[in-house]
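> Fold the following, please.
(chains A and B)
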Protein chains: 2
Amino acid sequence: MITRMSSLFLRTLREDPADAEVPSHKLLVRAGYVRRVAPGGYSWLPLGLRVLRRIETVVREEMDAIGAQEIQFPALLPKEPYETTGRWTDYGDSLFRLQDRKGVDYALGPTHEEFFALAVKGEYSSYKDYPVALYQIQTKYRDEARPRAGILRGREFVMKDSYSFDLDDEGLERSYQAHRAAYIRIFDRLGLDYVVVAATSGAMGGSASEEFLAVSPTGEDTYVRSTESGFAANVEAVVTPVPPAQAIEGRPEARPHHTPDTPTIESLVDFLNGAGLGRTFTAADTLKNVLVKTRAPGTKDWTLLGIGVPGDREVDMKRLEAALEPDEAALLDEKDFATNPFLVKGYIGPKSLRDNGVRYLVDPRIVPGTAWVTGADKADHHVVDLLCGRDFTPDGTIEAAEVWEGDASPDGQGTLIAARGIEIGHIFQLGRKYADAFELDALGADSKPIRITMGSYGVGVSRLVAVIAEQHHDELGLCWPRTVAPADVHVVLAGKDESIAEGAEKLAAELSERGLRVLLDDRKASPGVKFADAELVGVPTILVVGRGLAKGLVEVKDRASNEREEVPVDEAVQRLVALVRG
Amino acid sequence: MITRMSSLFLRTLREDPADAEVPSHKLLVRAGYVRRVAPGGYSWLPLGLRVLRRIETVVREEMDAIGAQEIQFPALLPKEPYETTGRWTDYGDSLFRLQDRKGVDYALGPTHEEFFALAVKGEYSSYKDYPVALYQIQTKYRDEARPRAGILRGREFVMKDSYSFDLDDEGLERSYQAHRAAYIRIFDRLGLDYVVVAATSGAMGGSASEEFLAVSPTGEDTYVRSTESGFAANVEAVVTPVPPAQAIEGRPEARPHHTPDTPTIESLVDFLNGAGLGRTFTAADTLKNVLVKTRAPGTKDWTLLGIGVPGDREVDMKRLEAALEPDEAALLDEKDFATNPFLVKGYIGPKSLRDNGVRYLVDPRIVPGTAWVTGADKADHHVVDLLCGRDFTPDGTIEAAEVWEGDASPDGQGTLIAARGIEIGHIFQLGRKYADAFELDALGADSKPIRITMGSYGVGVSRLVAVIAEQHHDELGLCWPRTVAPADVHVVLAGKDESIAEGAEKLAAELSERGLRVLLDDRKASPGVKFADAELVGVPTILVVGRGLAKGLVEVKDRASNEREEVPVDEAVQRLVALVRG
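Presented below is the predicted three-dimensional model:
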């Protein structure tokens, strides 16, 4: 196949688009792969669509290889199944909702757990029918609050979502591992540098869950990994190692102290260390109580919640939100403090929370027998040696404190270091949440119903175009891996001689006959413009047909390494075919 | 590729679905190709998705062959471009509209003229860039008032829409003819029986337009064709041949008549023929004036409109609506007559319409010099010999009268006969409507702007699955043409002997190795169930591996013709490969 740039619907741009911050966004627009149509909505121009389709093909092949079957649902979906599972409200503003001409409610599907569960319920009845795994490659919709970075976080995007249905937990584990292995093959084939991290399951519900994150400094997700072991986790999913409880007997009594003008941890520690108490205090000895308010999805009224963390750490709102999901959480405002006068700002302690019926959750490090300096619920006063399990009893623990590099790895091996990534895949063991909602049962061999257990697995297909671009570019433009490149060879016709044009056409035709996809720059433009566009567009191999042809030579250039080689023209086709076929 | 029915996500049904009326709907559901998810929304199960993809491939190949370039737009589209062309309101209730979390308006795209025009304007500037043709194969949305017949008329469907951009009318004509030829190749390759008919252009605007209609008794579209020539047209597009004007001088004067109790044409004709006027009257001599009300899209107030047609014909509301497009039309109700007392029901004449400023359009047969019996605007009174061009002058003509079989063909050759069809393609010469709206110009060689002229071309890709099923089925099930069949050979393993299973597996493997797509019925079911399912599913060739295998024989059956042949097992693969490769 030969694609001629003289007629290709492609105009490259010399300038970065004004709204672009990350390299993939800049380059995909400049090289004419995508164009912005609306906030978070992009059109795919010819070269972009080719890359997208090649990624789809890799994903499809690996899904088929594990026996998953491709089907396809509408994107415009009725409300009722989402209501049955509660996601009509749980999704909040992220769900695009609309009404038809009769006023009936619909949503644009963000994921399809409900509909796949109903589909299997509709077709299958016997235990002999299971297991089954189904998938679709489909356009999805999410009303992102902040669509950003071009196609990295759009509001309309292509996703591969698959769903497994098993009779028991062991079956689910097998289906999960099959998908995990398929995802590894997909991302390896796509030439990605990525990690698999433990994740929280968010609005999906369910238990085990891992994310595939492409390593990228522009990523929105922060993850941590161990310096020693293979442990890696999304920051939201880091589980704090719990220290052993300590003895309570014989410990000093809690004593209130007048600590004037110490509303911050820093001022408090300074005061205590100057107060001649005979010990040295650090921020880690203090207990910081942060008040938030929460509410269940679809409800209006907020409820107060106290969060206790060691004073050397801040509350990480993303971790807090993940821990409270699907409930919503917000910090208190001045009005909230005004209507709750028992909250003495800067001096809040566990006592007034308990006395006023406020739920109080603490960091897992705050175990029975640990002693703390904390607020005495009175301005300019703190309590020292307040003992957990003796002087206060939290209502439970919560993973809300920030995670630091250098923290012990949850698996006990090494310490954590942080990095940034872009989510490219997510696998969930949903369990029976959706099967329960729809009473998805198989009739067992003993004629008793068996409740089905589900897995849910997603790959951000259109996002991958951008992620690959993030990892495969340089200052001149894109450098596509062969698997996804929009063409195999970019033939640059450099020179005005008729013989050069003839030579380039002949080589392009021969390469095409051998099954290679050729992008032929036959435009009436200067060699400089053509070379710059070839670098920008990023086809892996560039074949320059120019003045050297008179001496029987053409130039083969590797886009990524920038290595060039002069090759006799009659060896060029053979060399290129070998290169492309690997 | 071997697809095993033992694990295929497919359950055939013995009963027709309750809501299905047309054969394709019944069979596609019963054979497990599609499932209903919402009104006008269907999921594609594995076999259905395969047929859909094969049709997409044929369409894509023929679009690429005429040099059209594939791109893809979002389905979720901003309001502004639709407002610029007026289609935000013109589309009426058929457009799915929604708002994002910020309250900004969006539509789910029904077609993309605006966005393709803007895309070309964004990339191209010089006359040297043209012509260009772009297309997409994409999910479209239309809020149909009456979604029906399964995927024949859905609210979410797959369409190939393409758009041509030319510098002048000759270029548009060339682009239009290229598309026309490509459509003929597409529908021929898909094995369809279809006609190309002249059409109206509806909400799209523009001039020349043709529809491709698949011949089908269940079709919603009625078209007519000439008994003599190749003329064929959508009923809405039939242009009435205009008779010559007649002399006015020397004609009898118009005379009012007391015609008691004659509010209908029939009663009037009976009365006149019994009134001793010395001539015989037929319904064709009377002029029936039908009052309707119209309004422009997006407006609230109705305007009266008088329609005059020969009394032997009814007003065809579909033709009337097509003629008034994009305005909306409705019949008057009692309240309308009450507020307009000059409208004397059953006795309305041109005079009171003129006197009261009501626009009056007549059938093209009502030419100057034709004499009519019509209402005298007074109960129980008519006028005889009211002469067009002397006693009344219409404001214009309108194609609103019904078309009859036997009417003269508009091309002057033969008469019309009617048939029913399903729209499968539509091609339009849009002209400059959209280019004008967006000021889409090319800079000419003389540095002057050239306004671009557009064509718009659509194929209902998902609908084609149903249309092919309508034309290719029998009482037992579907009979797919090879081009679109979900498999090449359906291997039925009929018998419990281990040797039969081994033989079937071996044949399936050999066929697959030769590149054939095999559907292998390896289920533990009776041969009767398997044969019935093979007929229902409709793969073109069925290979039965059963008891004959002991004698070295298998049966090859042609699904469509029902011809069977016993074939030596060691010749079977060769025979089937030859059959499939054609």
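> Pull the contacting residues for whatever residue of the stretch 451-582 of chain A ends up closest to chain B.
The stretch 451-582 of chain A approaches chain B most closely through A:Lys524 (8.8 Å), counting by CB to the nearest CB. From N, CA and C alone the C-beta is placed, and that goes for glycine too. Residues in contact with A:Lys524 (CB atoms under 8 Å, 6 or more residues apart in numbering or on different chains) are A:Ser6.
> From A:His179, how far out is it?
Counting by CB to CB, to the nearest Å, the gap from A:Lys524 to A:His179 is 51 Å.
> beta partners of A:Gly308?
A:Asn289, A:Val362 (DSSP bridges).
> Based on its surroundings, how many neighbours for the closest residue to A:Gly546 other than its chain neighbours?
Among residues not flanking A:Gly546 along the chain, A:Ala494 sits closest, at 3.7 Å (CB to CB, 6 or more residues apart in numbering or on different chains). Per other CB atoms under 10 Å in any protein chain shown, the neighbour tally for A:Ala494 reads 23.
> Surely A:Ala494 is in contact with A:Pro527?
Yes. Here A:Ala494 reaches A:Pro527: they are 4.0 Å apart, a contact under CB atoms under 8 Å.
> Spit out the residues that contact these two alike.
A:Gly546.
> gap between whatever residue of the stretch 1-150 of chain A ends up closest to chain B and A:Gly41?
Using CB to the nearest CB, the single residue of the stretch 1-150 of chain A nearest to chain B is A:Leu98, 3.6 Å away. Relative to A:Gly41, A:Leu98 is positioned 16 Å away (CB to CB).
> before we move on, back to that, for the residue of the stretch 451-582 of chain A closest to chain B, which three-state class applies?
Using DSSP: H, G, I helix; E, B strand; the rest coil, the structure places A:Lys524 in coil.
> Stretch A:503-513: which residues count as buried?
A:Gly503, A:Ala504, A:Glu505, A:Leu507, A:Ala508, A:Glu510, A:Leu511, A:Ser512 (16 or more other CB atoms under 10 Å in any protein chain shown).
> Tabulate those residues (CSV), appending pLDDT, distance to chain B and secondary structure.
Output for the buried residues of stretch A:503-513, formatted as CSV (pLDDT from 0 to 100; distance: CB to the nearest CB, whole Å; DSSP: H, G, I helix; E, B strand; the rest coil):
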residue, pLDDT, distance to chain B, secondary structure
A:Gly503, 95, 24, helix
A:Ala504, 96, 20, helix
A:Glu505, 96, 17, helix
A:Leu507, 97, 22, helix
A:Ala508, 97, 17, helix
A:Glu510, 97, 21, helix
A:Leu511, 97, 19, helix
A:Ser512, 97, 14, helix
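> any idea what sits nearest A:Met99, other than its immediate chain neighbours?
Quick fix: residue A:99 is Gln, not Met. Nearest non-adjacent residue to A:Gln99 (CB to CB, 6+ apart): A:Asp105, at 5.8 Å.
> Near the one you found, how many residues? Count them for me, please.
14.
> Next: the one 4 residues further on.
Residues lying near A:Gly109 (other CB under 10 Å) number 25.
> Then the one 3 residues further on?
Other residues lying near A:His112 total 28 when counted by other CB under 10 Å.
> And it, how close does it get to B:Gln138?
19 Å.
> Likewise for A:Arg523?
For A:Arg523, the distance to B:Gln138 - CB to CB - is 29 Å.
> Among the two, which residue is more densely surrounded?
B:Gln138 (20 against 16).
> and the closest residue to that one other than its chain neighbours, what is it in contact with?
The shortest distance from B:Gln138 to any non-neighbouring residue, by CB to CB, 6+ apart, is to B:Gln72 (6.1 Å). Residues counted as contacts of B:Gln72 (CB under 8 Å, 6+ apart) are A:Ser43, A:Trp44, A:Leu49, B:Gln136, B:Ile137, B:Gln138.
> what's A:Leu134 sitting at in phi/psi?
phi -130, psi 150 (degrees, to the nearest 10).
> One more: A:Arg359?
According to degrees, to the nearest 10, A:Arg359 has phi -60, psi 140.
> who's in contact with A:Ile398?
A:Ile398 neighbours (CB under 8 Å, 6+ apart): A:Ile307, A:Leu320, A:Ala323, A:Leu324, A:Leu361, A:Val362, A:Asp363.
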